[in-house]
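**Q** Sharing a model that was predicted from the sequence below.
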Amino acid sequence: MHNETEIFRELAPLLQVRPELQQICRFGLQWRSVHRPEPDEWAPFHIVTFGACLLDVGDRVGILLRAGDAAVLPHGGPHIVRSLPSARGPNSVERVHRRLFDEILVRSNVDGEPDAKLICGRPRARSRLDSGGSSMQFETNSKKTDSAPRASRRPWSVRS
């Protein structure tokens, strides 16, 4: 009889995750980014690469995310990523443009250095048995490569 660890060890090689980068966010002052529910099988993620911000999911409000943290919402529910209360200055107009070389959206509300930088997207778990593939692929909105960028070694998840 197998214990849970052995079952997971045997199952893990059969799974693959296909992350899709959707946005690079550069925010300062007061800001908030509202995210609608994702379609089935998609789990949005937010990786903080600089600064800090707060995550609101359901009745859990003000979950602190710092540079190096990654939040994955495995059930794809609505959520809000926002500035810290200590951020100074008024709300400002958000600008959005699409990068030409990979079509990822860049969202920003500052001209200079932001208080927080995030990479946002959504991974989708797929079985190797279903996809027929054996290697992990990394997707942007328009291109595929064979490997994913390095991300936080401190991921955690929140049920939505």
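**A** Thanks, I have it. For clarity, every value in this text was computed on a predicted model and none was experimentally measured.

**Q** Which parts of this structure are strands?
**A** Assigned by DSSP state E, the strands in the chain fall at 15-27, 32-35, 45-50, 52-57, 60-66, 69-72, 79-82, 95-98, 105-108, 116-127, 138-139, 144-145, 154-157.

**Q** Would you convert those strands into TSV that also reports mean pLDDT?
**A** Converted to TSV, the strands of the chain look like this (pLDDT from 0 to 100):
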stretch	mean pLDDT
strand 15-27	84
strand 32-35	94
strand 45-50	95
strand 52-57	97
strand 60-66	97
strand 69-72	92
strand 79-82	97
strand 95-98	94
strand 105-108	95
strand 116-127	81
strand 138-139	38
strand 144-145	38
strand 154-157	42
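
**Q** how about these in a markdown table, adding mean neighbour count and distance to residue 89?
**A** In short, each C-beta sits where N, CA and C put it, glycine included. Formatted as a markdown table, these follow (neighbours: other C-beta atoms under 10 Å; distance: least, C-beta to C-beta, whole Å):
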| stretch | mean neighbour count | distance to residue 89 |
| --- | --- | --- |
| strand 15-27 | 19 | 11 |
| strand 32-35 | 16 | 14 |
| strand 45-50 | 20 | 18 |
| strand 52-57 | 20 | 15 |
| strand 60-66 | 14 | 20 |
| strand 69-72 | 19 | 24 |
| strand 79-82 | 20 | 14 |
| strand 95-98 | 10 | 16 |
| strand 105-108 | 16 | 14 |
| strand 116-127 | 19 | 13 |
| strand 138-139 | 18 | 36 |
| strand 144-145 | 10 | 38 |
| strand 154-157 | 12 | 29 |
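
**Q** Dump these into a markdown table; add distance to residue 88 as well.
**A** Below are the strands of the chain laid out as a markdown table (distance: least, C-beta to C-beta, whole Å):
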| stretch | distance to residue 88 |
| --- | --- |
| strand 15-27 | 13 |
| strand 32-35 | 15 |
| strand 45-50 | 17 |
| strand 52-57 | 14 |
| strand 60-66 | 18 |
| strand 69-72 | 23 |
| strand 79-82 | 15 |
| strand 95-98 | 20 |
| strand 105-108 | 17 |
| strand 116-127 | 13 |
| strand 138-139 | 37 |
| strand 144-145 | 39 |
| strand 154-157 | 28 |
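
**Q** Against residue 34, how distant is residue 94?
**A** As judged by C-beta to C-beta, to the nearest Å, residue 94 and residue 34 stand 11 Å apart.

**Q** again, but for residue 116
**A** From residue 116 over to residue 34 (counting by C-beta to C-beta), the distance is 16 Å.
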